[in-house]
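Peer 1: Provided below for reference: sequence and predicted model.
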Amino acid sequence: MAEPIEIYVDADACPVKDEVFRVAARHGLHTYVVSNSFMMLPRDPAIERVIVSDKFDAADDWIAERARRGAIVVTTDVPLAHRCVTAGADVIAPAGKPFTPASIGMVLATRNLMADLREAGAITGGPKPFDKRDRSAFLSALDLAIVRLKRAGFG
């Protein structure tokens, strides 16, 4: 029996939860929605709510401990993405950008540089607003990851 494909959503600030639920349902996949507090979710046995403590990085730690080949992680958190990519998981940002073994080092270095620049007051703006193109790119990236995993023998 093939190891199942599971989706882990770093949910506290995730703008694409509904999209994840729709795609997961279409493919018959189990989804874990991980957060520090209660949030309303569809009543579906394939969607599991995981509420972790409010300890710093508790949600990240819970997801990273379960990340593996055959898992898909949805997050904007670059250090979490790094941990999950290192564990073999497919990792996708809500804007559709996949984090890969080839890209994660540069993404992490850029994130650290930007944090230093913000601390120094050199940068005051945030990321661009999430839009329809981001949502569409995410849907494409998620579907592509699922198809690729199914072809690799995960189910």
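Peer 2: Ah, there it is.
Peer 1: centroid residue for this protein?
Peer 2: For the chain, the residue sitting closest to the mean C-alpha position, by C-alpha atoms, centre = their mean, is V74 at 1.2 Å.
Peer 1: Distance of it relative to G153?
Peer 2: Computed with C-beta to C-beta, to the nearest Å, the distance linking V74 and G153 is 22 Å. C-betas here are computed from N, CA, C, even on glycine.
Peer 1: hang on, the earlier thing: thinking the residue nearest to the centre of the chain is in contact with D12, fair?
Peer 2: No. At 11.8 Å, V74 does not count as touching D12 under the criterion of C-beta atoms under 8 Å.
Peer 1: can you tell me which residues contact I7?
Peer 2: 20, 24, 29-32, 71-74 (C-beta atoms under 8 Å, 6 or more residues apart in numbering).
Peer 1: would you list those in TSV and tack on secondary structure, distance to A2 and pLDDT?
Peer 2: Formatted as TSV, the contacts of I7 follow (DSSP: H, G, I helix; E, B strand; the rest coil; distance: C-beta to C-beta, whole Å; pLDDT from 0 to 100):
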residue	secondary structure	distance to A2	pLDDT
V20	helix	21	98
A24	helix	17	97
L29	coil	12	98
H30	strand	14	98
T31	strand	18	98
Y32	strand	19	98
A71	strand	13	98
I72	strand	15	98
V73	strand	19	98
V74	strand	22	98
